[in-house]
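Asker: Quick one, fold the following:
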Amino acid sequence: MVNKVTIDETVCKGCALCTVTCPKKILQLDASRLNAKAYHPAIMIAQEKCIACAMCATICPDSAITVEKEV
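Answerer: Down below sits the predicted model:
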């Protein structure tokens with residue numbers, strides 16, 4: 001298993017806190033689409049670079065992010 005970040009786009013409100021907190025800068029808002037709540041959801045752009053620090057999940061005010069660390 002590799003490090004994996006999962007973002008629940010139905011909960012994400014596009015606040016961008018995860019994008020500024022990520023030390024690898026591999027999260028961004030998807031400006032090309034809106035979720036059901038009319039927000040641009042966060043997306044992972046380079047999963048293989050994730051170090052599973054979980055800073056994104058920790059700062060997310062809506063608990064929309066889950067981080068699984070490589071075993």
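Asker: Quick one: the helices in this structure, in order.
Answerer: Along the chain, the segments classed as helices by DSSP state H run 17-21, 55-59.
Asker: And the first one, what's buried?
Answerer: So the one you mean is helix 17-21. Within helix 17-21, the residues that count as buried by 16 or more other C-beta atoms under 10 Å are 17, 18, 19, 21. Yep, even glycine has a C-beta here, placed from its N, CA and C like the rest.
Asker: do you know how far residue 51 is from residue 59?
Answerer: Distance from residue 51 to residue 59, counting by C-beta to C-beta, to the nearest Å: 15 Å.
Asker: ignore the last one, residue 22
Answerer: Residue 22 sits 9 Å away from residue 59, taking C-beta to C-beta as the criterion.
Asker: Which one of the two is surrounded by more residues?
Answerer: Residue environment comparison for residue 22 versus residue 59 gives the larger neighbour count to residue 22, 21 against 14, counting by other C-beta atoms under 10 Å.
Asker: since we're on the residue lying closest to residue 16 once chain neighbours are set aside, how many residues are nearby?
Answerer: Here the nearest residue to residue 16 in space, its sequence neighbours aside, is residue 29; by C-beta to C-beta, 6 or more residues apart in numbering that works out to 5.7 Å. A count of neighbours around residue 29, defined by other C-beta under 10 Å, yields 16.
Asker: residues touching residue 29, list them.
Answerer: If a contact means C-beta atoms under 8 Å, 6 or more residues apart in numbering, then residue 29 has 14, 16, 19, 40, 41, 42, 43 as its contacts.
Asker: so what's residue 43 bridging to?
Answerer: When bridges are called by DSSP bridges, residue 43 pairs up with residue 28.
Asker: didn't residue 33 look like it was pressed against residue 39?
Answerer: No: here residue 33 does not reach residue 39: they are 10.1 Å apart, not a contact under C-beta atoms under 8 Å.
Asker: for this structure, which spans come out with low pLDDT?
Answerer: Counting by pLDDT under 70, the chain contains low-confidence ranges at 1.
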